[in-house]
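Trainee: below are the sequence and a predicted model for it; my questions follow.
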Amino acid sequence: MKRVALFSITYDPFIGGAEVAIKEVTNRLPDFEFDLFTARLDSSLPVQEKIGNVNVYRVGSGRKFLDKIFYPWRASALALKMHAKNPYHIIHAVMATYAGWAALKFKDIKPEIPYLLTLQSGDSDEFIKKRTWFWKNRYKQIYTKANKIAAISNWLSDRARKYGYKKEISIISNGVDVERFNIRILHEERASIRSKWGAKENDFVLITASRLVHKNGIDILIDAMNFLPDNVRLVIAGEGKDGEKLRDQSSELRDRVKFLGHIDHYNLPRILKSADMFVRPSRSEGMGNSFIEAKVVGLPVLGTKVGGILDLIDQGIVEPIEEVSAKSVADKIKQIKDNPYTESKIKEIFNWDFISNQYNQEYQKLIPASNTKA
């Protein structure tokens, strides 16, 4: 059985698009043994456990800030120690910054082991530069020393080129569990869910599902409510560091904005199905799994012309000038509300079986170059 060392700064129970992708792909590749090295971030979590087809190793003491800062050193050291006992055939970093640095440190010591980098981050180029300016040459090597790069969008592929990567790049998107999100719910259940939001029968309900952080533009969406009729309501699913600030911002809108907090991914399809439109006016976006999920549910979706969103949306695009305005978002919501449309069907490339097969092929291409001697 071929062994893969996976690096990801976060993993279950901290779930985002990248973490979902890891779980879905690894569960579909039983012929590989996966050891995943992640930051502990919470002292109540076990240092080691098996989740699905992945052996999870959490490094750190459970203090978030310190665990993130020291993750590249701790994760690479543990992976190298385990490699000495039972060699890996491939190292695979999911996202460039912390995970890529850990993989690069491993690659420095064991250059013969092939290194695959998956680009997932939705952070803007400006944000990346602010975080990496003091180690920009080392950060560049995270890209240039990879044997292969896979990006979830063309926008992220372009980023790899900007940092000097010259080899082939594969576009391997994130996906969605179509069977779980392509659901029907009874009218009574939908009405019951909407009533808990304070929505009346003729109200038009917008929904967004995301981390409550600046890049996702939830503040713009809340401001857009001031330009929309009173029968338009907004439901916000998710938590994040801007949560308290966003709740304060929406206080004058009284009962028109509802914060649901964290919604388990299992329950998300019914929540989405009970709304009328999905909106996320992102300031930057690597791809946006939530857009795909909303499309599968059957909602019209609205996003901004940034990052990988253009790979996903047909019609619901707000053109950014310098900064997306609340008025432009509200105008586009009105347009779609008055002239509803159906998004195109999800393509095969967003199917997890198809995506997993792509990763299987990438692994198989890399393995022949692997020297498995410690």
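Mentor: That came through fine.

Trainee: going forward, measure contacts between C-alpha atoms and count neighbours the same way
Mentor: OK.

Trainee: quick one: the strands in the stretch 1-150 of the chain?
Mentor: 2-7, 32-39, 48-51, 54-59, 90-94, 115-119, 148-151 (DSSP state E, counting those that start in this stretch).

Trainee: I'd like the ones you listed laid out as CSV, including mean neighbour count.
Mentor: Formatted as CSV, those follow (neighbours: other CA atoms under 10 Å):
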stretch, mean neighbour count
strand 2-7, 22
strand 32-39, 24
strand 48-51, 12
strand 54-59, 22
strand 90-94, 26
strand 115-119, 26
strand 148-151, 24
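
Trainee: tabulate the ones you listed (a markdown table), appending mean pLDDT.
Mentor: Shown next, in a markdown table, are the strands of the stretch 1-150 of the chain (pLDDT from 0 to 100):
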| stretch | mean pLDDT |
| --- | --- |
| strand 2-7 | 97 |
| strand 32-39 | 98 |
| strand 48-51 | 97 |
| strand 54-59 | 98 |
| strand 90-94 | 98 |
| strand 115-119 | 97 |
| strand 148-151 | 97 |
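
Trainee: need those strands in CSV with distance to Glu201, can you?
Mentor: Output for those, formatted as CSV (distance: least, CA to CA, whole Å):
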stretch, distance to Glu201
strand 2-7, 47
strand 32-39, 46
strand 48-51, 42
strand 54-59, 45
strand 90-94, 44
strand 115-119, 43
strand 148-151, 42
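
Trainee: next up, phi/psi of the closest residue to Ile152 other than its chain neighbours, please.
Mentor: Among residues not flanking Ile152 along the chain, Ser173 sits closest, at 4.1 Å (CA to CA, 6 or more residues apart in numbering). Torsion angles at Ser173 (phi, psi; degrees, to the nearest 10) stand at phi -70, psi 170.

Trainee: just use 20 as the starting number from now, easier for me
Mentor: Okay, residue one is now 20; in that scheme the one you just asked about reads as Ser192.

Trainee: and Val276, what are its phi and psi?
Mentor: Note on Val276: backbone dihedrals following degrees, to the nearest 10 are phi -120, psi 130.

Trainee: what's the helix or strand of the chain with the lowest mean pLDDT in contact with?
Mentor: The helix or strand of the chain with the lowest confidence, counting by mean pLDDT, DSSP states H and E, is strand 336-337 at a mean of 78. Strand 336-337 has contacts (CA atoms under 8 Å, 6 or more residues apart in numbering) with 300, 321-324, 343, 347-348, 351.
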